[in-house]
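Novice: got a sequence here, can you model it:
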Amino acid sequence: MSSVSSLMPDSGASAVAPESAPPPAARSAGNGRTLPATVAGQLRERIIQGEFPPGSRLNERALCDLLGVSRTPLREAFRVLAAEGLVQIEPNRGAQVVALSEANIREAFEVIGGLEAMSCRLACERATDAEIAEIRALTYEMMASHARHDLPTYFQTNRDIHERISLAAHNSLLKQLYDAQNSRIQNLRFVSNENRQKWDLAMREHVEMAEALDARDADRLAGIMRQHLQRKCEAALKAIAHPPAAPADSG
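Specialist: Modelled structure (predicted):
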């Protein structure tokens, strides 16, 4: 894995890349997913990438027009996201993106840090060589996105890597707990990379993670992961302390 770190590019000037909106849900439900699940997936991505910031109301009429669906699957999608802790549904007021407090955020990252560190230790013991090779390949893909300043693609690959490490632990209960908690802070993990310096550091940490996993060095990998998530927490708190101006609702 020394060749991975040697390919780390110099930092560039900008961390923000253009984002393309997902296609209407009505066109993308033919992949075996139900329509509400497809709608929930598209809304989840928009929330994660900050199109619907914390505290914003989700205007049903506007979202039906945007996604090309009726209100029934949209409301079912709201319930899916409410179960994940991403939105809250209030009687006669509709759905609103959850805004976590500073205490909520610190607690969430502490829990995720512990879960991911445990996944790292188990992955070093139990991952197959093929699983490790896949994570190494994804790290190369993430480095390419970083070099292009393509934050959305980088972030998706980043999520894939964390997901693969969790799967490589081969502990279904641990994976279930990780999924439930991780969905609540995905948008915070995204915005924490909008500062170029922090993004560069996160990329270097991922290279080190790939090296540690390749060596099956459980202590090193778990330590890097905990530090990585602590930095994410502090960056997220700083980002929400100075948020961009947000619209009153999604319409």
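
Novice: right, and the helix or strand after the strand or helix carrying Pro36?
Specialist: Per DSSP states H and E, Pro36 falls inside helix 35-48. Downstream of helix 35-48, the next assigned helix or strand under DSSP H and E is strand 57-58.

Novice: so what does that next one touch, helix or strand wise?
Specialist: Applying 3 or more Cβ pairs under 8 Å, 6 or more residues apart in numbering; DSSP states H and E, we find strand 57-58 packed against strand 94-97. For glycine as for every other residue, the C-beta is placed from the backbone atoms N, C-alpha and C.

Novice: strands paired with the strand it packs on, and their directions?
Specialist: Pairing partners of strand 94-97, with direction, according to DSSP bridges: strand 57-58 (antiparallel), strand 87-90 (antiparallel).

Novice: make CSV out of these and add mean neighbour count, mean pLDDT and distance to Leu43.
Specialist: Listed next are the strands paired with strand 94-97 as CSV, based on neighbours: other Cβ atoms under 10 Å; pLDDT from 0 to 100; distance: least, Cβ to Cβ, whole Å:
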stretch, mean neighbour count, mean pLDDT, distance to Leu43
strand 57-58, 20, 94, 8
strand 87-90, 16, 92, 8
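
Novice: what count of nearby residues applies to Leu35?
Specialist: Leu35: 19 surrounding residues under other Cβ atoms under 10 Å.

Novice: please verify my assumption that it contacts Val69.
Specialist: Yes - using Cβ atoms under 8 Å, Leu35 is in contact with Val69, at 6.6 Å.

Novice: and the residue in the chain sticking out farthest from the centre, which of the three is it?
Specialist: Centroid-distance maximum for the chain: Asn92 at 30.6 Å, with Cα atoms, centre = their mean. Following DSSP: H, G, I helix; E, B strand; the rest coil, the label given to Asn92 is coil.

Novice: for it, phi and psi?
Specialist: phi 70, psi 10 (degrees, to the nearest 10).

Novice: tell me what Gln96 is bridged to.
Specialist: Arg57, Gln88.

Novice: so how far is Glu90 from it?
Specialist: Going from Gln96 to Glu90 by Cβ to Cβ, to the nearest Å gives 7 Å.

Novice: equivalent analysis for Pro54, please.
Specialist: For Pro54 relative to Glu90 (Cβ to Cβ), the value is 15 Å.

Novice: Cys124 now?
Specialist: 45 Å.

Novice: likewise for Leu177?
Specialist: 28 Å.

Novice: cool, Ile132 as well?
Specialist: Ile132 is 46 Å from Glu90, by Cβ to Cβ.

Novice: ok, now Ala218?
Specialist: 45 Å.

Novice: do the same with Trp199
Specialist: Trp199 is 36 Å from Glu90, by Cβ to Cβ.

Novice: also Glu116?
Specialist: 32 Å.

Novice: rewinding a little: would you mind giving the strands paired with strand 94-97 as CSV with distance to Met142 added?
Specialist: Rendered in CSV, the data for the strands paired with strand 94-97 read as follows (distance: least, Cβ to Cβ, whole Å):
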stretch, distance to Met142
strand 57-58, 31
strand 87-90, 29
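
Novice: so which of the ones you listed gets nearest Pro73?
Specialist: strand 57-58 (13.8 Å; Cβ to Cβ).

Novice: by contact count, what packs against the next helix-or-strand element following the closest one?
Specialist: Remark: after strand 57-58, the chain's next helix or strand is helix 60-67, criterion DSSP H and E. Applying 3+ Cβ pairs under 8 Å, 6+ apart, one finds that helix 60-67 contacts helix 35-48, helix 71-83.

Novice: dump the ones you listed to TSV, plus distance to Ala108 and mean pLDDT.
Specialist: Converted to TSV, the helices and strands packed on helix 60-67 look like this (distance: least, Cβ to Cβ, whole Å; pLDDT from 0 to 100):
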stretch	distance to Ala108	mean pLDDT
helix 35-48	14	90
helix 71-83	16	94
